[in-house]
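Peer 1: My questions concern the predicted model and sequence given below.
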Amino acid sequence: MIKRRDFIQASVVGASAAASSSIFGTTSVWGQDKSSAQAAAAVPSYLQDVADHYQQDPRRAAIDWFNNAGFGLFLHYGLYSLLGRHEWVQYREKIRVDEYAKLVDRFNAEKFDADFITDLALDAGMKYINITTRHHDSFCLFDSKYTDFKSTNSPAKRDLVGELAGQCATKGLGFYLYYSHGRDWRHPHAPNNGDWGGSARPKYDRPETFYKYGDEHDLQVYVEFMKNQVTELLTNYGPVGAIWLDGFSTPASRPDKLAQFKCQELYDHIHSLQPQVLVSYKQGLIGSEDFKAPERNWKGKSEVPLEICDTLQPHGWGYTKADDGKHKTADQVMGMLRKAQGIDANLLLNTGPLPDGSIHPDDVKTLKEVGRRLRQVPPNG
């Protein structure tokens, strides 16, 4: 029986020469008894092929599934998409908090189509999708009761995380959730530049009145805020594959203060809410993460499952208008898959949706072509 990663290896090596058009189907790693309706009902849709193993150890089953997933889709979408100048535009251009917040009034997401996005991922041969539920700017694509800075309070009036969750569950895709943990450029009690490095906050020319300083600043208020939001994500949106934490360089900048973030407590809380959920924090912040998820060009070794994230744009992760016409081709993506497979890693490939939420047409074309090439190589290679 061929494993998913072995299939991708055969595909990226031999796609150009293969003549077969057979489609690779999902395989059962443990050969579960699908007559067990009760077991299947309790298992998330994306883990149906490991149902028997899931009954014994949900987290171990999820890790083994992840090891064979091979290929996932990353979505960076938010207020920054409206400006088309990189997802770090607030930081780089020192846009004040109140000025940046005005973008909410322009956020319509009128062409964000979870049905199309999930179909595209499947067509490309991907096994899971990861979306930015809340990036460093603190804008949430889900309906959180702990903030009013969210898509449901915009003209869109939509819970995009919820829409994508439903489609992933229906179609058997793993649903992974990006969440900015180490930095937040809006929350008054988030890490500040005085105590933390790693681009904790924009370096404004004058103090930002939205932030708390000195004795009024309490990082634990922010830590509790994050725990509450992660709880929402794991209780309101059905089965989740992973909580994918970001903002690594800020807590990592102060090893002597790292304990203040209560990371292990958060990890344990996540696992208690949904036992199959995996936790990652980029290249590994405290060492107990379930998998590592460094960015492109990472060099190192991993004793845990590995995922490399890269983007179809040459530079930014959120939509960057200046990069139109420069997105990666199918040939380049096949090379990226080959490289990831060579280090026994998954490839999490990012697209930055356009301001209206639609997927960039160049990326649609590329992903469809990648899927076509992957399907050209039959499972027996």
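Peer 2: Here it is on my side, so go on.
Peer 1: quick one: low-confidence parts of the chain?
Peer 2: For the chain, the stretches flagged by pLDDT under 70 are 1-41, 378-381.
Peer 1: Mind doing that once more with 50?
Peer 2: Scanning the chain with the threshold set as pLDDT under 50 gives 1-4, 7, 13-41, 378-381.
Peer 1: Where does A109 sit: helix, strand or coil?
Peer 2: What DSSP: H, G, I helix; E, B strand; the rest coil gives for A109 is coil.
Peer 1: I'd guessed it sits against T152; true?
Peer 2: No - between A109 and T152 there is no contact under CB atoms under 8 Å: 10.8 Å. Just so you know, the C-beta spots here come from the backbone N, C-alpha and C atoms, and that holds for glycine as well.
Peer 1: In terms of neighbours, single out the busier of the two.
Peer 2: Per other CB atoms under 10 Å, whichever of A109 and T152 has more neighbours is A109, with 23 against 16.
Peer 1: Next, the contact list for that one, please.
Peer 2: Y77, S151, S154, A156, R158, L160, D356, G357 (CB atoms under 8 Å, 6 or more residues apart in numbering).
Peer 1: K262 now?
Peer 2: By CB under 8 Å, 6+ apart, the neighbours of K262 are V223, K227.
Peer 1: gap between it and I308?
Peer 2: Taking CB to CB, to the nearest Å as the measure, K262 falls 28 Å from I308.
Peer 1: Could you single out the nearest of the contacts of A109 to T250?
Peer 2: Nearest to T250 among these is Y77, at 22.3 Å by CB to CB.
Peer 1: Check which helix or strand the closest one maps to.
Peer 2: Using DSSP states H and E, Y77 sits within no helix or strand.
Peer 1: does P355 really touch G84, like I thought?
Peer 2: Yes - with contacts counted by CB under 8 Å, P355 reaches G84, the gap being 6.7 Å.
Peer 1: Give the residues shared as contacts by those two.
Peer 2: Shared contacts of P355 and G84 (CB under 8 Å, 6+ apart): Y319.
Peer 1: Ramachandran angles for the residue of the chain most remote from its centre?
Peer 2: Residue farthest from the centre of the chain, counting by CA atoms, centre = their mean, is D215 at 34.9 Å. For D215, the backbone dihedrals (degrees, to the nearest 10) come out as phi -70, psi -20.
Peer 1: Which residue is the nearest non-sequential neighbour of Y176?
Peer 2: Once flanking residues are discounted, Y176 sits nearest to N130: 3.8 Å by CB to CB, 6 or more residues apart in numbering.
Peer 1: Quick check on the contacts of A109: which are buried?
Peer 2: Among those, those classed as buried by 16 or more other CB atoms under 10 Å are Y77, S151, S154, A156, R158, L160, G357.
Peer 1: tell me which element the fifth one is part of?
Peer 2: In this assignment (DSSP H and E), R158 forms part of neither any helix nor any strand.
Peer 1: How about the contacts made by it?
Peer 2: A109, F112, S151, T152.
Peer 1: same check, this time on the first one
Peer 2: Going by CB under 8 Å, 6+ apart, Y77 touches A109, F112, I131, T132, L141, L160, G318, G352, P353, G357.
Peer 1: The stretch 251-381 of the chain: strands as residue ranges?
Peer 2: With DSSP state E, counting those that start in this stretch as the criterion, the stretch 251-381 of the chain has strands at 278-281, 306-311, 345-351.
Peer 1: can I have the shortest one written out in PDB, keeping just the CAs?
Peer 2: Output of strand 278-281 as PDB, limited to C-alpha atoms (Å, rounded to 0.1, in the frame of the first residue of the first chain):
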ATOM      1  CA  LEU A 278      -2.000  19.000  16.900                       C
ATOM      2  CA  VAL A 279      -0.100  22.100  18.000                       C
ATOM      3  CA  SER A 280       2.800  23.800  16.200                       C
ATOM      4  CA  TYR A 281       4.700  27.000  16.900                       C
END
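Peer 1: which other residues reach it?
Peer 2: So strand 278-281 is contacted by 59, 62-63, 66, 181, 241-246, 248, 263, 267, 270-271, 289-293, 307 (CB under 8 Å, 6+ apart).
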